[in-house]
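**Q** I would like to see how this sequence folds:
(chains A and B)
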Amino acid sequence: DTEVTQTPKHLVMGMTNKKSLKCEQHMGHRAMYWYKQKAKKPPELMFVYSYEKLSINESVPSRFSPECPNSSLLNLHLHALQPEDSALYLCASTQLGQGQETQYFGPGTRLLVL
Amino acid sequence: SQQGEEDPQALSIQEGENATMNCSYKTSINNLQWYRQNSGRGLVHLILIRSNEREKHSGRLRVTLDTSKKSSSLLITASRAADTASYFCATADNNAGNMLTFGGGTRLMVKP
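**A** Below is the predicted model:
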């Protein structure tokens, strides 16, 4: 299984809503990532989890809260988002170690904040 | 911050022609990768070239790396309409959880 899955595919939420994005991989990868991508722009790194511990937080606002319940799952909890947070949210995973640098991406969740 | 810059930002060619995309970066790297993205979907890894390599091939793809100029190029030969996508270079810092920093991307359109 070389797939990263993300749910939901699309999400519309109001600024007062709480929602969660989910990401799952069963490749035994020990690093998982959240990226945010605006239209016609490259992905921007938000968070990195290594061995289920948050290792990098790229100065992301606290209205985004990541969680890594186990080595296969990664969540992104959303609360009180702003319209400018509307974007494609991508999850990725990779094995850690020399020679294991390729990242495997999920199809993304397209988020619209009204 | 954005590590790589890509050139051109957009490229339109006819099927059968070759497409060349360039990427420049600013800091020393462990490796440089190229990814493809179809119309707002997930990214797919195409090829990885290490800092001690100068050229790499994979099918119709050819990647070069010039660490003295901090630049890389991706050549797609004999392009097909199905190659229409955005292409991103990404540099890897293996000291930071295999963190990737992406270039701005080249949007390639291959006309049938």
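**Q** Can you list phi and psi of A:D85 for me?
**A** Here is the backbone geometry of A:D85 (degrees, to the nearest 10): phi -80, psi -10.
**Q** quick one: contacts for the spatially closest residue to it that is not a sequence neighbour?
**A** Closest residue to A:D85 apart from its sequence neighbours, by C-beta to C-beta, 6 or more residues apart in numbering or on different chains: A:V113 at 5.1 Å. Quick note: C-beta positions are derived from backbone N, CA and C, even for glycine. If you count contacts by C-beta atoms under 8 Å, 6 or more residues apart in numbering or on different chains, A:V113 has them with A:M13, A:G14, A:M15, A:L81, A:Q82, A:P83, A:E84, A:D85, A:S86.
**Q** Who is A:V113 paired with across the strands?
**A** Residues in a beta bridge with A:V113, per DSSP bridges, are A:M13.
**Q** try B:H45
**A** For B:H45, the beta-bridge partners are B:Y35 (DSSP bridges).
**Q** Is the least confident helix or strand in chain A by mean pLDDT in proximity to chain B?
**A** In chain A, the helix or strand scored least confidently by mean pLDDT, DSSP states H and E is strand A:53-57, which has a mean of 88. Yes - using C-beta under 8 Å from any C-beta of the partner chain, we find that strand A:53-57 touches chain B at A:S55, A:I56.
**Q** can you give me the strands for the chain?
**A** Answering for chain A, as no chain was given. Assignment of strands within chain A using DSSP state E yields the ranges A:4-7, A:10-13, A:18-25, A:31-37, A:44-50, A:53-57, A:64-70, A:73-79, A:87-94, A:104-105, A:109-113.
**Q** Please refer instead to chain B.
**A** B:5-7, B:10-14, B:19-24, B:31-37, B:43-50, B:55-58, B:61-66, B:71-76, B:85-93, B:99-102, B:106-111.
**Q** Quickly run through the sheet partners of the third one, with directions.
**A** When you say that, I think you mean strand B:19-24. The pairing partners recorded for strand B:19-24 under DSSP bridges are strand B:5-7 (antiparallel), strand B:71-76 (antiparallel).
**Q** Give me the buried positions along the shortest one.
**A** This means strand B:5-7. B:E5, B:E6 (16 or more other C-beta atoms under 10 Å in any protein chain shown).
**Q** Skip the chain neighbours and tell me the closest residue to A:E44.
**A** Distances taken as C-beta to C-beta, 6+ apart put A:K36 closest to A:E44, at 5.2 Å, once the chain neighbours are dropped.
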